[in-house]
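>>> Just the structure for this:
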Amino acid sequence: MRKKIIAGNWKMNKNLIETGALLSDLKSKVGNVQAAEIIVAPTFTNLHKATEELKGADITVAAQNMHQAENGAYTGEISADMLKSIDINTVILGHSERRAYFGETDELLAQKVDTALKHNMTVIFCFGEELQDRKSNNHFSLVENQLKNGIFHVDPSAWKNIILAYEPVWAIGTGETASPEQAQEMHAFIRNAIGKAYNQEIADEVSILYGGSVKPNNAEEIFAKPDVDGGLIGGAALDAESFAAIANAI
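Okay, the predicted model is just below:
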């Protein structure tokens, strides 16, 4: 049976002191959620603080990104080995903001995926369409191509270390709203695409998270859909009360 997962992506928010305060609050509010795995992804400078703060708590700490090379002259970048050395074994790759603002391509992300899997890390692989793709009815083919180019090359055995996160970029901070039915439609399409590329067993076992502005007031309805296995939460993850309400909604 596939896992339910609530992951909070903190993006470029929270300094060291603020991180400690939020983590302490989260421990008391979501540390005992039994229905889902809880993941938090603070910024790089606070990852070690997070692993120390959450020792003994049932909350996983993830990195927001990682370089594809093992080491070298890549100023400002972070390697898999560096993350592993501070007990970070989960990494978000391909987030829509990395694709849009930093030019990350499917081909580059395929290399990052390979490096993470080589180090036995769990990958939260993000993908999704922009508004123009949705309006031109190109969203299904675009999502399938992102999957084919970015992650469908991996060995079937690697899927035990893969979590997918569908981001309808057109429904994040645009004024547009994705309905729970639209989320279910795309998640079912994704699962079917995995079944065709690999087999139905892998498709049925992989967790597919929804990353389209999940809030406490819509989480329960979204998570009730059969192919939605949780959420990749942005803004609401920065507030312990909101994040706890979303986690409990599952």
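
>>> burial measure for Y101, as a count.
When neighbours are defined as other C-beta atoms under 10 Å, Y101 has 9 of them. To be clear about C-beta, it is placed using only N, CA and C from the backbone, and glycine gets the same treatment.

>>> Also E201?
Residues lying near E201 (other C-beta under 10 Å) number 11.

>>> any idea how far it is from H153?
19 Å (C-beta to C-beta, to the nearest Å).

>>> ditto for G212
Taking C-beta to C-beta, one finds G212 at 26 Å from H153.

>>> swap in S141?
Separation of S141 from H153 (C-beta to C-beta) stands at 18 Å.

>>> show me what contacts the residue most central in space within the chain?
Centroid-nearest residue in the chain: I124, 4.3 Å away (criterion: C-alpha atoms, centre = their mean). By C-beta atoms under 8 Å, 6 or more residues apart in numbering, the residues touching I124 are A7, I39, A62, T90, V91, I92, L93, I163, L164, A165, L209, L232.

>>> and it, what pLDDT?
If you check I124, the pLDDT there is 98.

>>> So it: helix, strand or coil?
strand (DSSP: H, G, I helix; E, B strand; the rest coil).

>>> Would you agree A183 is in contact with K225?
Yes: the pair A183 / K225 is scored as a contact, 6.1 Å apart, by C-beta atoms under 8 Å.

>>> what about these two, which has more around it?
Between A183 and K225, A183 has the larger neighbour count (other C-beta under 10 Å), namely 26 against 17.

>>> Retrieve the pLDDT associated with T177.
Looking at T177, its pLDDT stands at 65.

>>> Show me what counts as buried in the lowest-mean-pLDDT helix or strand in the chain.
Least confident helix or strand of the chain, by mean pLDDT, DSSP states H and E, is helix 131-135 with a mean of 85. By neighbour count with 16 or more other C-beta atoms under 10 Å, helix 131-135 contains the buried residues D133, R134.

>>> So that it lines up with my notes, have the first residue be 3 from now on.
Yep, numbering from 3; the last one is helix 133-137 now.

>>> what about the residue nearest to A65 when sequence neighbours are not counted, which helix or strand?
Excluding the flanking residues, the one nearest A65 by C-beta to C-beta, 6 or more residues apart in numbering is V93, at 4.6 Å. Using DSSP states H and E, V93 sits in strand 92-95.

>>> right, and the helix or strand after that strand?
Following strand 92-95 toward the C-terminus (DSSP H and E): helix 98-104.

>>> for that following helix, the distance to its chain's centre please.
Mean C-alpha position of helix 98-104 versus that of the full chain (C-alpha atoms, centre = their mean, to the nearest Å) differs by 14 Å.

>>> Counting neighbours, which bits of that helix end up buried?
For helix 98-104, burial by neighbour count (16+ other C-beta under 10 Å) applies to S98, E99, R100, R101.

>>> Let me know the closest of those to G78.
For the buried residues of helix 98-104, the residue nearest G78 by C-beta to C-beta is R100; the value is 14.1 Å.

>>> pretty sure that closest one contacts V93?
No: counting by C-beta under 8 Å, R100 sits too far from V93 to count as a contact (11.5 Å).

>>> which residues do those two both contact?
N67.

>>> Which parts of the chain are helices?
18-32, 49-55, 82-87, 98-104, 108-120, 133-137, 141-152, 182-199, 202-207, 221-225, 242-251 (DSSP state H).

>>> Any chance of these in CSV with distance to W172 as columns?
Below are the helices of the chain laid out as CSV (distance: least, C-beta to C-beta, whole Å):
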stretch, distance to W172
helix 18-32, 29
helix 49-55, 31
helix 82-87, 31
helix 98-104, 10
helix 108-120, 19
helix 133-137, 4
helix 141-152, 8
helix 182-199, 10
helix 202-207, 25
helix 221-225, 16
helix 242-251, 21
